[in-house]
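Peer 1: my questions are about this predicted structure, shown below with the sequence.
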Amino acid sequence: DAGITQSPRYKITETGRQVTLMCHQTWSHSYMFWYRQDLGHGLRLIYYSAAADITDKGEVPDGYVVSRSKTENFPLTLESATRSQTSVYFCASSEAGIGGANTGELFFGEGSRLTVL
Amino acid sequence: KNEVEQSPQNLTAQEGEFITINCSYSVGISALHWLQQHPGGGIVSLFMLSSGKKKHGRLIATINIQEKHSSLHITASHPRDSAVYICAVLSNTGNQFYFGTGTSLTVIP
């Protein structure tokens, strides 16, 4: 199916465990983003990527790792989950225009609800 | 410091009322989105604006670049419009989006 998909949609884990959230897009968009959404904070950027093998930190990167070996995939790993990482995580993508600048179009995955016990 | 501010935070309206949600931003932008999120649901872009005004059905979005302000209007509101509406801007000095904290709208039948 075309679009941007996240998996798993729901995950319960324990403190200290490693968790990977997957994000896959079929449009070959250059830009991909990981956000977390918490009450009172809105959407906060964790990491983003401008192209394969190019990633950069966002506002709240501590405790998270990303990789982008292929354009279509942008997994987010919590190396040792903590209770403060309980959140809803959204992956998003945007297309690059002429010169590589972001065109502004923004598409979100369905979200992954993570609970850390 | 929030680059994007929305008002009001919460809004309750009777069905049929005209609704306005406001967004002010402090950075130079190349695009602005109005996003909609239903309870427990995903996020979709209703509009992307860089100037002027756009209309889709009962929804109208306007932007004033000089004043760094945008509004989302809903005419003849309906209970299915109940959702969180989020303003997002793409900075013109980078490739990141900045988000408001959202306006939670409840439309009562």
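Peer 2: Nice, I can see it. Numbers count the residues shown, from 1 in each chain, chains lettered A, B, ... in the order given.

Peer 1: nearest residue to the residue of chain B found nearest chain A other than its sequence neighbours?
Peer 2: Using Cβ to the nearest Cβ, the point where chain B gets nearest to chain A is residue B:31, with a distance of 3.2 Å. From N, CA and C alone the C-beta is placed, and that goes for glycine too. Nearest residue to residue B:31 in three dimensions, chain neighbours excluded: residue A:104, at 3.2 Å (Cβ to Cβ, 6 or more residues apart in numbering or on different chains).

Peer 1: OK, contacts around the one you found?
Peer 2: For residue A:104, the residues meeting the contact criterion (Cβ atoms under 8 Å, 6 or more residues apart in numbering or on different chains) are A:94, B:30-31, B:33, B:48, B:50, B:90.

Peer 1: one more pass at 6 Å, please.
Peer 2: Applying Cβ atoms under 6 Å, 6 or more residues apart in numbering or on different chains to residue A:104 gives the contacts B:30-31, B:48, B:90.

Peer 1: can you flag the buried ones in those residues?
Peer 2: B:30-31, B:48, B:90 (16 or more other Cβ atoms under 10 Å in any protein chain shown).

Peer 1: can you pick out the most distant pair from those?
Peer 2: Taking Cβ to Cβ as the measure, the buried ones among the contacts of residue A:104 reach their widest spread between B:30 and B:48, a distance of 10.3 Å.

Peer 1: near chain B at all, stretch A:42-52?
Peer 2: Yes: counting by Cβ under 6 Å from any Cβ of the partner chain, chain B has neighbours in stretch A:42-52: A:42-43.

Peer 1: outside of that stretch, which residues touch it?
Peer 2: Contacts of stretch A:42-52 (Cβ under 6 Å, 6+ apart): A:30-37, A:55-56, A:58-61, A:64, A:66, A:68, A:71, A:74, B:99, B:101-102.
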